[in-house]
Each structure stands twice: as structure tokens, then as C-alpha cells.
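Asks: Quick one: sequence plus predicted model below, questions after.
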Amino acid sequence: MHRLHWIGRSMLIVCAVLLSLSPHLTTQAAATSAQLTVKATITGAAGDTNVGGAKIIGYTLLGMSKTGRVVFSKKITTATTILNQTSSSIALVSGQIPAGIGFHLIDKDGDYFGPVILSWASATRTASTKVSNTLNALTPAQATINLGAVTVKTKSKGQGYAYTATKYATAATSSVSAVAGVPKGIGTYGKATSLRTAERAVTAAADFLDGADADLDGIINAFDVSDDGDTIPDYADTSGMLTPPSTGVLCESAASFTLFSNFKATQPDFSGTVNAYAEGTAYESSSTTTAAALTATLSFAIQRITAVCGSNVTKTEFKGVGVPYAPSSYVTLPTGGSDVQWTVGNGKMNTTSVTGLSAYTFTCTPTCEISGQDTFMQRVTTANGKQYEFVTSPTFVFISHPMIVAVGTTTNTTATACSSAVYSTNTYAGSAAKYGSQSNRVSIDLSANETLCIKIFRPQRLAIEGEAVTPVAYYDIGKLKYYPDIPNAMDGKSGAAPGRCDGAMVSDPASDTIGAPTGTLATNPTYTIAWKTANIKLCFSAKSATWATGTFAIDIQAIAPVANSGNAAQKLYMTIVP
């Protein structure tokens, strides 16, 4: 799910009015909205080890429009759930409930599980290579949806689907690619290659709305790891996708809602830093060290929705859908700013306590209770008295830091400068000297133009289900942009600070790679950041900040190339010498 894919949306249209034809006739306004009533009997497949019998309890069924707006949410509380759910009000388009509404399951841990299949192309579902998981446009008279028996079935450990016993009459034409009636995207959260290019030769911008399915793999964009079917995770995919429309009858699609992780190591002695490649040291990722680091520093930036269909938001609420570390009921977000910073470990937002929000201590036992597929909702009330719910997931979450292995400098400023740099021999993981810490700073020259070379272990994410895994199940995150962020003035004094130095940014050309620890820290793969000190100086002057002999600190920020996708950081302490 592309985090620029404007979360949460249904459709709005100007009311049609039946005009009086003579003074003797009564003027009557046509209906402008309607509500769905969805009926079904939901059970897990008999014998299914993940959802059979009572194991389905705790799952949540979402009804979603093509724009990504949540029109209803129902938690499953019994082994056999008799559903009789009324949706929120849905604006009519040309007198109809717009096409594209579908139904989706979230598992008891808060991860997306899969869609409900409503129809299929062949006589039997299991023989079909095309299926449908959305409804056609409906008249208000068709607004009662009786799906009958709906069976939930697992395909992989954490993903699956549900299906109706028979084809539903008002389901959309079967166009989703499937194997034996199972959408192709299930099992990899949509990361596997799809046939979008062949099957949808011309992709419209509306195909990238969050409730739509741009690559026709059965996973809607809100939860699809690779919306356009090219296998590149959306947080690293800077091409091939279109910005969905944000005006006209699809005005709800402009209600953007993203949530991304911040995972920063800022201690002066590097304590709290974790990375899977720090083998044999106190910094090596484990259930204990990772849980402690997440509890201490993990935060999420929640992008607030400010207006829906031209009406300003007056109240914003937030919750997780089965996510263990998030509030299970809506909490009211604090006012002010475009983002809200939620620090999970201390249970605060924008550094203040929020009613209903609790502190959370991670355990990472047996696995970390955090995932890029965790599901969150934002509910907003607008000035015109309407209320909307929207859904998002972070796509990925940093699970380790960009860990410094060695630092060097050179007066060579060419593209290959770092190959000739003289590096520290005392990495902070392997030596008590901890070069680059506050007590053993890295020196750079006041006047000379140098290249600052920093060898790091790349930050990592957990493997997405369906990806190949090593025993540690980590992936090195590629395509990240590395910025020097200098939040404070020289020597910690008051005054102007450069902030994030965009002019010095370097990009890692490597793609995501399965973690491959060798068993020895010294032989594990690294990436070298090469920052030109001349570019850092320019950042000082651009902000009227003082560049002089003295001390300062850099946050090595690793940021995903697609906006609002998250960042990890590591503090590096510097000295400017004459």
C-alpha cells in the first residue's frame, strides 16, 4: 500500500433536485445518500489450523469503498457470526451507491488477512483464474446485501481469504488474477509479480485509490506491499504509480492519512543501538535488545486529516484494529500541527498524556508484536456534522538502526573517495573506545574540503510473509536516503542550527536484500555513506548557523525515498578542528 495513496475515501456528489413543473406540484428532493445492510453467516473453514472453529474469534471484518473509506467495522466474537451490519451513510453518484465496495478481514493481531471473494469467472470457484471481490454500483433498492454463508480460509500462516458459497448476483465482473480461485496477491501481501501490465494496459489514476486494486492481484492498495505489481515495495518505489484523483465525485480521496515509524538511537555512548549484524556484541538484535529499543524510542508520526470534501475537520480520533500496542478504542488526538508524534513506549502523543492511551512494553516473544501490515484507523468529524473513518498501515517498520561500523575522512572528494579513506579501527561495537561517541568524537577540518566516510550496517525490517528468510528473518532496507541532520547549534549553545542537510544527502543504490549474517561482525556486509563536508558547510551558511571550531552532533537519518514512509537514525558526535 503506497503511503502516498491518500487513505480513506468514499464518494460525494452534488444533490439532484426534482424541480416542480408547475405551481400545483409539490417539489420533492431525490435521495443523496444510502446505507448498506450487509448480512452473512461467517465461519472458519473446518479443520483450518488458523481460523477453524473458535480460532476465528478476534478477527475484524471491514467494509470499504473504492476510495478507501471504511463504511463499517465488525469484530468477530463467536465461532459462527451472524452478521447483520448497517453501514455509515454513503453518498450516491447518479442515484447509485458507487461501485467498488468490498469486504476485508483483519486478523486478531491487527495484520491484514485478506478479501472476501464474491464471484468468479468459471462455473466453480476453485477452477477460476479470475475472481471478484467488489460490488457493482447499487441502487438504494439493492442496498441490502445478503452474502449467505461466508467461509474463511488460510492460505499461508498469516494470510488468507473468505468466499461466499455461491456467486453473488451484484458482484463486479471477475477481473482479479487467481490460481484455483485464490487471488494471486495472497501469501505475499501483494509483493509477488502481478500481470497488471498485460491485464490492464492503461492504468487510470483512480486505480490507485486505497480501496481499489491497481495491479489486480486481489489485495487492495491500502494493504498491498507493491501496488503496481512490480515487486518493489511501495516505500522504495518512485516510479510506475499514479496519484489518485482528489477532486470531483471522488473528493473523499483527498483525505490523506499516513502513519510511519521513527526509530532513533540517540544515546551519547551508543547504548540502545541494535542491528542484526552486530553479532557477538551487546548491540546484536535479539528479542531482548530489540524489545528494549522499541520500548525506549519507537514512535509513529500520524498524519492528521484536516478536511474532507471541503469541510474542515473539527475532531480527530485514532485506534488500532487488533494491534496489541495501539489503543483498541478511539482516542482523541491532540490538536495542533499536521502530524501527531505517538511515542509507544511511554503512551504519549506530542509528549502529553492522552485519555485512553496506555504505555506499552514490547517483549518480542515469541516474535516482535509489530508489523508493517498492522492496521490503524482514523475517525474524523467535520464542520458540516459528518463523520468518516479511514484506514492505513505503515507498509514497513524499522526494526534496527543504521549502525556505525567505522568512520574515516579523506581530502579526496571524488566519487570514489571513501575507498582511500583512513578508517578508525575501533568500531563502537568492537571497542570500548567507541569512536564517534560523545567521549571520542570524529574530527573534521575547519577549512579543508573533505569527505566524511561512514561505514554502517544498514537498518533492517522484518521479512514480509512470503519472502525468503534466514534464521533471523530480517531484510536489509535498500534505496534509503541518508541525510546528516544537525538539530543543535555548535557546542550545544542557543542559536541557529542547520537542521536536516538535504544538500549532502546520498542514496543507497541497493535494493532490499535478505539479511545474511556471516557469524562474524567483521565480515558482515556494510554500506558506506560519503558526505562532502563542503556540502555540510553550505547547510550551516544557508541557515545562518555558525561553522567554527567546536563540537556538534549529527543524526545519521535513513529515510525511505517515498514521502511519509519512515526513518531510522543514529547519533554521531563530531569535532571541527583548526
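Replies: Received the coordinates, thanks.

Asks: alpha carbons only for contacts and neighbour counts from here, please
Replies: Will do.

Asks: The spatially most central residue of the chain and residue 150: what is the separation?
Replies: Most central in the chain under CA atoms, centre = their mean is residue 394, positioned 1.6 Å from the mean C-alpha point. From residue 394 across to residue 150, the span is 29 Å (CA to CA, to the nearest Å).

Asks: ditto for residue 82
Replies: 10 Å.

Asks: shared neighbours of these two, which are they?
Replies: Here residue 82 and residue 150 have 40-42 as joint contacts, going by CA atoms under 8 Å, 6 or more residues apart in numbering.

Asks: can you pick the most crowded of those residues?
Replies: residue 42 (24 neighbours; other CA atoms under 10 Å).

Asks: Confirm for me that that one is in contact with residue 82.
Replies: Yes. Applying CA atoms under 8 Å as the test, residue 42 and residue 82 come out as touching, 6.5 Å apart.

Asks: Next one: the residue nearest to the centre of the chain relative to residue 233, how far apart?
Replies: On the measure of CA to CA, residue 394 and residue 233 end up 12 Å apart.

Asks: Equivalent analysis for residue 316, please.
Replies: For residue 316, the distance to residue 233 - CA to CA - is 29 Å.

Asks: Kindly report the same for residue 181.
Replies: 25 Å.

Asks: again with residue 110
Replies: Taken as CA to CA, the span from residue 110 to residue 233 is 20 Å.

Asks: The two: which has the busier surroundings?
Replies: Neighbour count, other CA under 10 Å: between residue 110 and residue 233, residue 110 has more, with 26 against 22.

Asks: Give me the domain ranges for the protein.
Replies: 17-248, 286-392, 403-577 (automatic domain parsing).

Asks: Residue 279: which of those domains is closest?
Replies: domain 403-577 (5.2 Å; CA to CA).

Asks: Where does pLDDT dip in the stretch 201-350 of the chain?
Replies: Scanning the stretch 201-350 of the chain for pLDDT under 70 picks out 201-203, 240-250, 256.

Asks: And the strands in it?
Replies: 259-265, 299-303, 307-308, 311-320, 331-332, 339-343, 348-349 (DSSP state E, counting those that start in this stretch).

Asks: The fifth one pairs with which strands, parallel or anti?
Replies: Here the strand partners of strand 331-332, with direction, are listed using DSSP bridges: strand 311-320 (antiparallel).

Asks: What is the neighbour count of the nearest residue to residue 118 once chain neighbours are set aside?
Replies: Spatial nearest neighbour of residue 118, chain neighbours left out: residue 133 (5.2 Å); criterion: CA to CA, 6 or more residues apart in numbering. Residue 133 has 28 neighbours, counted by other CA under 10 Å.

Asks: With residue 267 instead?
Replies: Residue 267, neighbours per other CA under 10 Å, totals 14.

Asks: so the closest residue to it other than its chain neighbours, which of the three states?
Replies: Leaving aside its sequence neighbours, residue 267 sits nearest to residue 571 (CA to CA, 6+ apart; 7.2 Å). Secondary structure, DSSP: H, G, I helix; E, B strand; the rest coil: residue 571 is strand.

Asks: Please tell me how far residue 571 sits from residue 424.
Replies: Taken as CA to CA, the span from residue 571 to residue 424 is 17 Å.

Asks: ok, these two, which is more surrounded?
Replies: The neighbour comparison of residue 571 against residue 424 (other CA under 10 Å) goes to residue 571, with 27 against 17.

Asks: For the more buried one, which residues are in contact?
Replies: 265-268, 270, 553-556 are the contacts of residue 571 under CA under 8 Å, 6+ apart.

Asks: so where's this protein uncertain?
Replies: In the chain, residues with pLDDT under 70: 1-30, 194-203, 240-250, 256, 426-433, 470-472, 564.
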